[in-house]
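Chemist: Whatever this is, show me its structure:
(chains A and B)
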Amino acid sequence: MEDQRQWPLFEVFIRARGGLDHKHVGSLHAADPSMALDHARDLYTRRQEGVSIWVVPSKAIIASDPAETDSLFEPARDKIYRHPTFYVIPDEVKTL
Amino acid sequence: MYTQGLDGQPAEAAVVDESALEQRFLARVDAEEKIEPKDWMPARYRNTLIRQISQHAHSEIVGMLPEGNWITRAPTLKRKAILIAKVQDEGGHGAYLYSAAETLGVSRDQLIEQLLSGKAKYSSIFNYPTPTWADVGAIGWLVDGAAIMNQIPLCRCSYGPYARAMVRVCREESFHQRQGYDLMLQLARGTPDQKRMAQEALNRWWWPALMMFGPSDANSTHTGDSQRWKIKRFSNDELRQKFVDFTVPQAKFLDLTVPDPQLHWDESKQQYSFGPIDWSEFDQVLKGNGPCNTERLAARRNAHAAGAWVREAASAYAAKRRPSAAGVAA
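Modeler: Predicted structure coming up:
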């Protein structure tokens, strides 16, 4: 049984500058989403680290299982033809 | 940091072949790969990390008290703003570290309870008093300086969430040390009284700062496993020596005297040689008999109790606003 008194955990994502992706920076506990935003601002942007904050309930994150790392990611390893460097183009051919 | 995902892990691990998993774990550590929360890890590794990270977090939180003591009496508005920012950082460091500890399957409430009940330890350095304004400078310069020396190698420790928290902490800690030295410099260049105040603060904090690196290698109980697991990269004595070598010239620049008559430059070793540390003092403070042990814990308990109504009100407000569960939670 989950302890109801403990505030839920939120994951915090910060956009460092306009034009960049939000990036995971850490987590915090808060009673509700707006408090999570306030705390994220105090905890993770004391030195102008960001221009935008996302907070996401940690429970909402669905993560891959480390035990399945090989079956998930190994198949991509031998598909080198997916990279442009796989193809040898004669020097005479320009802008390709 | 996905704490909830860990709930079933220790039980699952018991079913499979532990020794094969441990070999694989050690190979990953040897290859300088980071261990992440959902990865398999030996129970001893998990427990060592929980102990170390939570002690570290508690130290940051209790560490707010000796300096917080001076916020209302800072001599200028500039110094007051700096001190508030520093103390706020320490609270933040505690929060990063509690989060890192929680990824190992321990709850924040458990950790706070361990601190408030006196069961958990925190750095002994915070059980010393700050009788003058110069102590604020000495803490920043020496205590934060020693902490940085300990913490920089932790940025490369094998446990990912701890390493990432330490990167953030170290980035902020540098300001703490420099503001402390800047404060000492101003006092050391001030009136004779101010200079004497700086000297007395150095006298008070020098030895406790050296003790922050922990027992000498010969008597250190946790070093072996921690080094094998790449949690700890350097021994206590190595880091202590490095701190002395860095700090003595800084004291000379301040024209202050390090309170150690045996301190001298060892030409053959190319390092400072320093006098023996009084470990009986360290043991006494560790056992709870330091000058401020009772006061520090009492201050934390009071703060926690006095804030209870705020936490309860926030929880009640959140429950009221939760759309679907509103009826159920009431």
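
Chemist: and B:Ser220, what does it touch?
Modeler: B:Gly214, B:Ser235, B:Asn236 (C-beta atoms under 8 Å, 6 or more residues apart in numbering or on different chains). Placement of C-beta: from N, CA and C, glycine included.

Chemist: Would the helix or strand of chain A with the lowest mean pLDDT count as contacting chain B?
Modeler: In chain A, no helix or strand scores lower on mean pLDDT, DSSP states H and E than helix A:69-73, which sits at a mean of 91. No - using C-beta under 8 Å from any C-beta of the partner chain, helix A:69-73 stays clear of chain B, with a minimum separation of 9.4 Å.

Chemist: in that helix, what's buried?
Modeler: For helix A:69-73, the neighbour count (16 or more other C-beta atoms under 10 Å in any protein chain shown) marks no residue as buried.

Chemist: Give me the contacts around it.
Modeler: A:Ser64.

Chemist: Off-centre distance for the longest helix along chain B?
Modeler: Of all the segments assigned as helix in chain B under DSSP state H, the longest by residue count is helix B:160-188. In this view, helix B:160-188 has its centroid 12 Å away from the chain centroid, taken as C-alpha atoms, centre = their mean, to the nearest Å.

Chemist: Against which helices or strands is it packed?
Modeler: strand A:22-29, helix B:77-102, helix B:133-138, helix B:144-151, helix B:192-211 (3 or more C-beta pairs under 8 Å, 6 or more residues apart in numbering or on different chains; DSSP states H and E).

Chemist: about what we covered before: dump the contacts of B:Ser220 into TSV; add secondary structure as well.
Modeler: Shown next, in TSV, are those (DSSP: H, G, I helix; E, B strand; the rest coil):
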residue	secondary structure
B:Gly214	coil
B:Ser235	coil
B:Asn236	helix
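
Chemist: closest to chain A among those?
Modeler: Proximity of these to chain A (C-beta to the nearest C-beta) peaks at B:Gly214, which lies at 27.3 Å.

Chemist: ok, which residues in chain B are in contact with chain A?
Modeler: So chain B meets chain A at B:1-5, B:36, B:38-40, B:85, B:88-89, B:92, B:95-96, B:99, B:102, B:107-109, B:164-165, B:168, B:172, B:311, B:314-315, B:317-318, B:321-322, B:329 (C-beta under 8 Å from any C-beta).

Chemist: Need the winner for burial among the helices and strands packed on helix B:160-188.
Modeler: helix B:133-138 (a mean of 25; mean count of other C-beta atoms under 10 Å in any protein chain shown).

Chemist: Show me where chain B dips below the pLDDT cut-off.
Modeler: B:1-16, B:221-223, B:324-330 (pLDDT under 70).

Chemist: Mind doing that once more with 80?
Modeler: Applying pLDDT under 80 to chain B flags residues B:1-16, B:219-223, B:323-330.

Chemist: Name the spans of chain A whose pLDDT lies under the cut-off.
Modeler: Looking at chain A by pLDDT under 80, you get A:1-5.

Chemist: which residues of it fall in helices?
Modeler: Using DSSP H, helices in chain A cover A:33-44, A:69-73.

Chemist: do the stretch 1-150 of chain B as well
Modeler: Along the stretch 1-150 of chain B, counting by DSSP state H, counting those that start in this stretch, helices occupy B:9-15, B:18-30, B:43-62, B:64-68, B:77-102, B:108-116, B:133-138, B:144-151.

Chemist: what comes into contact with the fourth one?
Modeler: Going back to what we said before, that points to helix B:64-68. Here helix B:64-68 has contacts from B:83, B:86-87, B:90-91, B:94, B:126, B:128-130, B:135-136, B:139, B:292, B:296, B:299-300, using C-beta under 8 Å, 6+ apart.
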